[in-house]
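Trainee: give me a model of this one.
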Amino acid sequence: MFNRMILVSIMLMLPMISLSNPASAQEAPSWEIGWVEEHSDAVLLNSIGDKNSNDWWDRGGTATLEFYIENTRVVEVTINLEFESDHEGEFDWVEVDLDESVVVQGQSNKTFSITIEVGSLNDVSEGSTHELRVIAQEDSLFPTTPQIIDVDTQVPRVAVMTADVVNEGVPVMAGDSMDVKVEITNLGNKNDGLMNSETKLTIDGCPQLDAEDDSSLFETVEPGATIEAIFTVSASSSHPSKSCIVTFRSSSAGLASVTDSIELEVRSSSSGNGGGSNGGGNNGENNGGGDGDDIESDEEVRANFLYSLSLASSLAIISIAALVRRFDTNCP
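Mentor: Here you go, the predicted model:
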């Protein structure tokens, strides 16, 4: 009897021993999260217009990543998702599109996506990286260990430069030249500068007007800084009075497109000299010397003519002459 009891006890303990042996234990069905593509390097953000800014030159950045959840269980599993990153410290705003909870059917693999969008790439240095994390945890009555996947995002180069050609409203005289100021501002996130080979000054409407740019246009401009340069506009001595459109176009080393235009007036030498005399004639009544000029002109006119006889005097002279002639005729 005693031997039978020992045998039964041994038979009952065998399953427990086999379960405690790692070699014989089977892995319990579970779930797993991971990236669809392996991201060994940082993911470069795509530069877009900043939707939270009214300025056309402000840039935002966006990236969309895919991840999977594989459920090896025979029943579905609900996974809660959270997002964490260190983008908030440098960007004006951060928006993330990620489902808070997803359901994966039993023994299936399902793909999901996360989209991050940030603002003010202009203000963040090119090449800087920021970590992005997705935290997944099973929705269960009992505490479970979360699974985390992470990846770095990288800020691209943002090349934005503007040109402001300053029009002071002063005309250039024929046969003369003048300096026109241009301001170049770097609104990107890296040092940039205009390329000499890509810089052009075109003049529409004035074929006798020439423009030469200044070498200081091609200096390196730091992010957020502005430099001032000039280009010299020269008009030939025979240039007529016209209005011209002067257009400045260039490209930067970072491939930023830069352009601006002004309207410039050219005055001929004849219109410049004659303008004062014409103005004096039209506005003589407004000048202190206008009355004196009129009096002097009247005196000059009177000096060129003799005083005229009155009508009565003229008739009297004609009558006397007629009587004298008649008297001479009647005399023997």
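Trainee: could you measure the closest residue to Glu95 other than its chain neighbours against Thr145, distance?
Mentor: Using C-beta to C-beta, 6 or more residues apart in numbering and skipping the chain neighbours, the partner closest in space to Glu95 is Glu117 (4.8 Å). Any C-beta I mention is one placed from the backbone N, CA and C, and that applies to glycine too. Glu117 sits 31 Å away from Thr145 when distances are taken as C-beta to C-beta, to the nearest Å.
Trainee: between the two, which one's more packed in?
Mentor: Between Glu117 and Thr145, Glu117 has the larger neighbour count (other C-beta atoms under 10 Å), namely 22 against 6.
Trainee: where does that one land on pLDDT?
Mentor: Per-residue confidence at Glu117 stands at 97 (pLDDT).
Trainee: residues in contact with it?
Mentor: Applying C-beta atoms under 8 Å, 6 or more residues apart in numbering, we find Glu117 in contact with Ile48, Gly60, Gly61, Thr62, Val94, Glu95, Val96, Asp97.
Trainee: phi, psi for it please.
Mentor: The phi/psi pair for Glu117 (degrees, to the nearest 10) reads phi -130, psi 130.
Trainee: swap in Glu198?
Mentor: Dihedral angles of Glu198 (phi, psi; degrees, to the nearest 10) stand at phi -100, psi 0.
Trainee: test my guess that it contacts Ala253.
Mentor: No: between Glu198 and Ala253 there is no contact, the gap being 9.6 Å when judged by C-beta atoms under 8 Å.
Trainee: residue ranges with poor pLDDT in the stretch 1-150 of the chain?
Mentor: Across the stretch 1-150 of the chain, the ranges flagged by pLDDT under 70 are 1-28.
Trainee: try 90 this time
Mentor: Scanning the stretch 1-150 of the chain for pLDDT under 90 picks out 1-29, 86, 88-90, 140-144.
Trainee: in it, which spans are strands?
Mentor: Ranges of strands in the stretch 1-150 of the chain, per DSSP state E, counting those that start in this stretch, are 31-35, 43-44, 46-49, 59-71, 77-85, 94-97, 101-104, 108-118, 129-138, 147-154.
Trainee: just the CA coordinates of the helix or strand just after the last one, formatted as PDB?
Mentor: Past strand 147-154, heading to the C-terminal end, the next element that is a helix or strand (DSSP states H and E) is strand 161-165. Coordinates of the C-alpha atoms in strand 161-165 are reproduced here as PDB (Å, rounded to 0.1, in the frame of the first residue of the first chain):
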ATOM      1  CA  MET A 161      16.600  84.200 -48.600                       C
ATOM      2  CA  THR A 162      14.900  87.400 -49.400                       C
ATOM      3  CA  ALA A 163      16.000  90.500 -51.400                       C
ATOM      4  CA  ASP A 164      14.600  94.000 -50.800                       C
ATOM      5  CA  VAL A 165      15.600  96.500 -53.400                       C
END
